[in-house]
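[1] attaching a predicted model along with its sequence, questions to come.
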Amino acid sequence: MEKTQTPKDENAILGAVKGAIIAIGAVLPGISGGALCVILGIYKRIMALLVHPFVEIKKQWKFFVPVGIGFVVGTLLSSKVIGALLETAETAALFLFIGLILGTLPSLLKEARQEGVTTGSYIAMFVAMAAMLAWMIPMASQGIAAITPSFVWWCICGVLWGLGIVVPGMSPSNIFLFLGLATPMYAAIGNLDMSVILPMGFCLLATVLLLSRGVDYCLRKQYSIFMHAVIGIVLASTIMIVPPIKQLIEPAYTFSTSFVDILTYIGCFAVGALCAWLLGKIQKPEEK
């Protein structure tokens, strides 16, 4: 059996910085943590860890420990900042996030079409989009989209976050925003609330370990169909957080529409779209 060569370990501080950057991408709606792994040159090692955790930890623990520490610190700091932003300027933050999401769509579409596009790919995208909207619109119109935080919902958030790690292009933060769980979740993480962090962390880890092989199989066997279904989910969850649509569907939601506010929203959207576009420009092509 041929031995695989262990990559050379890099500076621990650099590894921690990379972990923090990936964490910020995982927390921000519209930014893919997986894409940042590719840009930073550690995607293959992270995926190897997800598929063979015990083997890779034993073999590369000097690399993964600083990256993990950086990821934890980055998650805590970025969660605190985003939580404060949602509390003080929710609508402006939503437009910023929507700009980030839409700005990544060209890169996501390009990624989804690496192995060609079939009629089944478009069917998968529209079916996934319709299924998400069929679930989200009734919840919003009946006023039950704003979920009361609980142990069960924190576990569900952990599962969704885990999906966002193993499914390329998946941004569960859109769903957190729709459910009204984003603000309390980010605040709890920033304040080190273990009643939130522990159930989320356990379910996140369990989801990653259980689904990594299944997602890998889907990507190998039906790459285009799977990735277009992801795009459908992203589009549906983004539509539901657009403030004018959110206001139309959710009776309790309102936002200011003064001239200054509208300029602020346009500026936030433009900044988000520009950042996502720049990220797409520097992203390296993933190896098959």
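    Right, received. Where do you want to start? Numbering: from 1, shown residues only.
[2] contacts for the host helix or strand of G164?
    For G164, the element it lies in under DSSP states H and E is helix 151-166. With CB atoms under 8 Å, 6 or more residues apart in numbering as the contact definition, helix 151-166 has outside contacts at 26, 33-34, 50, 147, 170-173, 175-176, 179, 181, 185, 195-196, 199-208, 211-212, 215. C-beta: built from backbone N, CA, C; applies to glycine.
[3] which of those residues fall in helices?
    By the criterion of DSSP state H, membership of those in helices covers 26, 33-34, 50, 173, 175-176, 179, 185, 195-196, 199-208, 211-212, 215.
[4] buried subset of those residues, written for ChimeraX?
    Buried members of those, defined by 16 or more other CB atoms under 10 Å, are picked up in ChimeraX with:
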select :26,33,34,50,173,175,176,179,185,196,199,200,201,203,204,207,208,211,212,215
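[5] in the chain, where is pLDDT below threshold?
    1-10, 29-36, 38-41, 43, 142-146, 168-169, 279-288 (pLDDT under 70).
[6] in it, which residue is most central in space?
    S171 (2.9 Å; CA atoms, centre = their mean).
[7] in this structure that one contacts I233, no?
    No: S171 is not in contact with I233 according to CB atoms under 8 Å; the separation is 9.1 Å.
[8] what's around C218, how many residues?
    By the criterion of other CB atoms under 10 Å, C218 has 16 neighbours.
[9] tell me which element it is part of?
    Counting by DSSP H and E, the element that carries C218 is helix 194-221.
[10] and that helix with helix 151-166, angle?
    Orientation of helix 194-221 against helix 151-166 (axes from the mean of the first three to the mean of the last three CA atoms, to 10 degrees) gives an angle of 40 degrees.
[11] can you tell me how far L204 sits from I189?
    12 Å (CB to CB, to the nearest Å).
[12] hmm, I typed the wrong one, I wanted S258.
    Applying CB to CB to S258 and I189 gives a distance of 33 Å.
[13] more neighbours: these two, which one.
    I189 (22 against 8).
[14] how about the nearest residue to the more buried one, chain neighbours excluded?
    Spatial nearest neighbour of I189, chain neighbours left out: S79 (3.9 Å); criterion: CB to CB, 6 or more residues apart in numbering.
[15] again, but for I266
    Excluding its sequence neighbours, the residue lying closest to I266 (CB to CB, 6+ apart) is F95, at 7.7 Å.
[16] specify the angle between the top helix by length along the chain and helix 194-221 in degrees.
    As assigned by DSSP H, the longest helix anywhere in the chain is helix 53-88. Here helix 53-88 runs at an angle of 120 degrees relative to helix 194-221 (the same axes, to 10 degrees).
[17] off-centre distance for helix 53-88?
    Per CA atoms, centre = their mean, to the nearest Å, the displacement of helix 53-88 from the mean C-alpha position of its chain is 14 Å.
[18] buried set for that helix?
    Judged by neighbour count (16+ other CB under 10 Å), helix 53-88 contains these buried residues: 56, 59-60, 63-64, 66-68, 70-71, 74-80, 82-83, 85-86.
[19] which elements pack onto it?
    helix 12-27, helix 43-51, helix 90-112, helix 182-190 (3 or more CB pairs under 8 Å, 6 or more residues apart in numbering; DSSP states H and E).
[20] report all helices and strands that the second one contacts.
    If contacts are counted by 3+ CB pairs under 8 Å, 6+ apart, helix 43-51 sits against helix 33-39, helix 53-88, helix 194-221.
[21] and the next element down the chain from the last one?
    So the one you mean is helix 194-221. Next element after helix 194-221 (DSSP H and E): helix 223-239.
[22] thanks again, I'm all set now.
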